[in-house]
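**Q** sequence unknown, structure follows:
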């Protein structure tokens, strides 16, 4: 491993011999901030800063990206983990909503989409942005999983009238936003009369309607190539109308590391082959009848909120994965 020089540091230490480049933003950096500090093989580049420090020259010979801060050619030869917080845009903040902010957000979304096509062509890209963006779409997931992995599919419909929602079913948004109604801050609710009545008087939106799966446990498997970390979360303390465990941080903090079974391994292997993702997580139910149900696949999955011992396990798995692909 060569020693960094002053010139290397000006380019953030990028090297096809020593580093994996992580393109992240201020929300996803929490996943990687520790491993970047302690492991010299990981270099962090903020995608927001990157967008503000490049020039793109469009001419008859094609487009050329240049930068006084970043070595673009070296980055393209590196192993890239492209990991924004959200594929909606790089400039993402769920709190701000004024018109100027939305204008700024759209400008970054445009350049980011262009750069994603460039990153797609990088030989060392871990997950191509185009493929990961596609699998971040819940409807695309539902369509592909129901077609190719029907044995793991939860009965699902897309509806547009909340008045048609069935009592006891699950309502989810189509995108990754949390507030479903003014009372509960959650990505998924179990329908009761109160929920149905309130949503029926709000803005009509298409939504996901799923069959309720009764389970006291939920599982998440983090996948880094052939390195797998399986966690189990209790759902016992969730309110009766909320089924999203992210509503309760205590449940997330009490995650348990468990051994993966043969049937779970078989399912994850099928998901990996179907998605062509090398780095992702999958949430699922594993019932006492040995029946497995996929909740969703996450090409961009967070882990910084987990207990420290589990974070260290995940970082070790990520390091092993990267060690296998570095020259």
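**A** Done, it's in. Because the structure is predicted, anything quoted here is derived from the model rather than measured. Residues are numbered from 1 along each chain as shown.

**Q** which strand or helix spans residue 48?
**A** Per DSSP states H and E: residue 48 is located in helix 47-51.

**Q** pLDDT of that helix, averaged?
**A** Helix 47-51 carries an average pLDDT of 88.

**Q** what stretches of the stretch 51-200 of the chain score poorly on pLDDT?
**A** 88-98, 176-187 (pLDDT under 70).

**Q** can you rerun that using 90?
**A** 51, 61-62, 68-79, 84-113, 118, 121-124, 159-166, 168, 170-200 (pLDDT under 90).

**Q** quick one: the helices in it, in order.
**A** Per DSSP state H, counting those that start in this stretch, the stretch 51-200 of the chain carries helices over the ranges 72-77, 99-120, 129-135, 138-148, 193-200.

**Q** what about stretch 200-208, how long is it end to end?
**A** End-to-end span of stretch 200-208 (CA to CA, to the nearest Å): 15 Å.

**Q** just the buried residues of it, please?
**A** 207-208 (16 or more other CB atoms under 10 Å). In this view, the C-beta of every residue, glycine as well, is placed from N, C-alpha and C.

**Q** repeat for stretch 42-53
**A** 42-48, 50-51.

**Q** and residue 305, how many neighbours?
**A** For residue 305, the neighbour count with other CB atoms under 10 Å is 13.

**Q** now do the contacts for it.
**A** 249, 252-253 (CB atoms under 8 Å, 6 or more residues apart in numbering).

**Q** need phi/psi at it.
**A** The phi/psi pair for residue 305 (degrees, to the nearest 10) reads phi -90, psi 0.

**Q** roughly how far apart are it and residue 75?
**A** 29 Å (CB to CB, to the nearest Å).

**Q** give the other helices and strands that the helix holding residue 48 contacts.
**A** strand 20-24, helix 99-120 (3 or more CB pairs under 8 Å, 6 or more residues apart in numbering; DSSP states H and E).

**Q** distance from the chain centre to the first one, please.
**A** So that's strand 20-24. Relative to its parent chain, strand 20-24 has a centroid offset of 14 Å by CA atoms, centre = their mean, to the nearest Å.

**Q** can you map out the helices along the stretch 201-327 of the chain?
**A** Using DSSP H, counting those that start in this stretch, helices in the stretch 201-327 of the chain cover 249-253, 262-275, 308-325.

**Q** dump those helices to TSV, plus mean pLDDT.
**A** Formatted as TSV, those follow (pLDDT from 0 to 100):
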stretch	mean pLDDT
helix 249-253	76
helix 262-275	97
helix 308-325	93
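
**Q** got JSON lines for the ones you listed, with distance to residue 235 too?
**A** Listed next are the helices of the stretch 201-327 of the chain as JSON lines, based on distance: least, CB to CB, whole Å:
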{"stretch": "helix 249-253", "distance to residue 235": "7"}
{"stretch": "helix 262-275", "distance to residue 235": "18"}
{"stretch": "helix 308-325", "distance to residue 235": "18"}
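
**Q** show residues contacting the helix holding residue 48.
**A** 23-26, 70, 84, 90-91, 108, 111-112, 115.

**Q** would you mind measuring from residue 35 to residue 204?
**A** Counting by CB to CB - residue 35 and residue 204 are separated by 44 Å.

**Q** I meant to write residue 296 there.
**A** Taking CB to CB, one finds residue 296 at 24 Å from residue 204.

**Q** in PyMOL, how would I select the buried members of the contacts of helix 47-51?
**A** The following PyMOL line selects those of those that are buried, judged by 16+ other CB under 10 Å:
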select buried, resi 23+24+25+70+84+90+91+108+111+112+115
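
**Q** nearest to residue 171 among the contacts of helix 47-51?
**A** Distance to residue 171 across these (CB to CB) is lowest for residue 84, with 26.8 Å.

**Q** quick check: the closest one touching residue 23?
**A** Yes. Residue 84 is within contact range of residue 23, at 7.1 Å (criterion: CB atoms under 8 Å).

**Q** residue with max distance from the center of this structure?
**A** Outermost residue of the chain with respect to the C-alpha centroid, by CA atoms, centre = their mean, is residue 60; its distance is 37.3 Å.

**Q** quick one, phi/psi of that one?
**A** Torsion angles, degrees, to the nearest 10, at residue 60: phi -60, psi -30.

**Q** picking that back up, of the buried residues of stretch 42-53, closest to residue 317?
**A** residue 42 (13.5 Å).

**Q** ok, the closest residue to the closest one other than its chain neighbours to residue 60 distance?
**A** For residue 42, ignoring the flanking residues on the chain, the nearest one in space by CB to CB, 6 or more residues apart in numbering is residue 36 at 4.8 Å. Going from residue 36 to residue 60 by CB to CB gives 40 Å.

**Q** closest one to residue 160 among the helices of the stretch 201-327 of the chain?
**A** Per CB to CB, nearest to residue 160 of the helices of the stretch 201-327 of the chain: helix 262-275, 28.0 Å.

**Q** can you pull the buried residues of that closest one?
**A** 264, 267-268, 270-272, 274-275.

**Q** next, count neighbours for the residue lying closest to residue 123 once chain neighbours are set aside.
**A** Among residues not flanking residue 123 along the chain, residue 77 sits closest, at 7.2 Å (CB to CB, 6+ apart). For residue 77, the count of nearby residues is 17 (other CB under 10 Å).
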